[in-house]
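below are the sequence and a predicted model; questions follow.
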Amino acid sequence: MDADSKRLVLFDGVCNFCNSAVLFIVDRDPKEKFVFASLQSDLGKETLERLKCDPQLDSVVMVDHGKPYLRSTAALRIARELKWPWPILFYLFILIPRFIRDAAYRTFARNRYKWFGKSDQCRIPTPELRRRIVAEPKRPAPATTTHARQT
């Protein structure tokens, strides 16, 4: 599978539950269909802006061929691509109207830090996971000027 056909998952990099969810996905994605970036990363912010999503988005985002999927729809579309039995969740829960699924999702999202905790920064990925994390775009170093001291 080439890099352009992979699905990008944007997640909250400081959320303990979200970090565990990324590991869960990696363990059940033997064909490596997914790559990951945190919402807080430059790539995450740039992707949200390019896709015209709210930059303060508090949701998992799955981008498939340039189309963003948010909240419960993103979670279900991710489940659909994992190894058995997880795709069954997609086929069961996609029948529930999105406004109901997303209401449940928002309730969970509002409480995830309280229930699972939060870290000060994104965790350092294992070597196995590191190759699945999308590299940040290289930024030019800021120009520095030195001022000669006059005496």
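That came through, no problem. Numbering: from 1, shown residues only.

so what's the residue count around Cys15?
Cys15: 22 surrounding residues under other Cβ atoms under 10 Å. Glycine gets a C-beta too; all of them are placed from N, C-alpha and C.

and Lys114, by the same measure?
Lys114 has 8 nearby residues by other Cβ under 10 Å.

show me the contacts for it.
Neighbouring residues of Lys114 by Cβ atoms under 8 Å, 6 or more residues apart in numbering: there are none.

run the chain-centre distance for stretch 77-92.
Averaging C-alpha positions (Cα atoms, centre = their mean, to the nearest Å) puts stretch 77-92 18 Å from its chain's average.

and it, C-alpha only, in CSV?
This file holds the C-alpha atoms of stretch 77-92, laid out as CSV (Å, rounded to 0.1, in the frame of the first residue of the first chain):
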residue,chain,number,x,y,z
ARG,A,77,-14.7,4.1,9.7
ILE,A,78,-11.5,3.2,11.5
ALA,A,79,-13.1,0.1,13.1
ARG,A,80,-14.3,-0.9,9.6
GLU,A,81,-10.7,-1.1,8.4
LEU,A,82,-9.3,-3.2,11.4
LYS,A,83,-9.1,-6.9,11.5
TRP,A,84,-12.0,-9.0,12.5
PRO,A,85,-14.2,-8.7,14.7
TRP,A,86,-13.9,-4.9,14.8
PRO,A,87,-15.5,-4.1,11.4
ILE,A,88,-18.8,-5.5,12.8
LEU,A,89,-19.0,-2.3,14.9
PHE,A,90,-19.2,-0.2,11.8
TYR,A,91,-22.1,-2.2,10.3
LEU,A,92,-24.0,-2.2,13.6
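
ok, residues contacting it?
Defining contact as Cβ under 8 Å, 6+ apart, one finds that stretch 77-92 is touched by 7, 9, 25, 28-30, 33-34, 60, 62, 64, 69, 76.

looking at those, state which has the most neighbours.
Counting neighbours by other Cβ under 10 Å, the top entry in the contacts of stretch 77-92 is Val9, with 28 neighbours.

state the next helix or strand along the chain beyond the helix or strand where that one lies.
Secondary structure from DSSP states H and E places Val9 in strand 7-11. For strand 7-11, the following helix or strand on the C-terminal side (DSSP H and E) is helix 16-27.

enumerate the positions of that following helix that are buried.
Neighbour-count burial for helix 16-27, counted by 16 or more other Cβ atoms under 10 Å, picks out 16-19, 21-22, 25-26.
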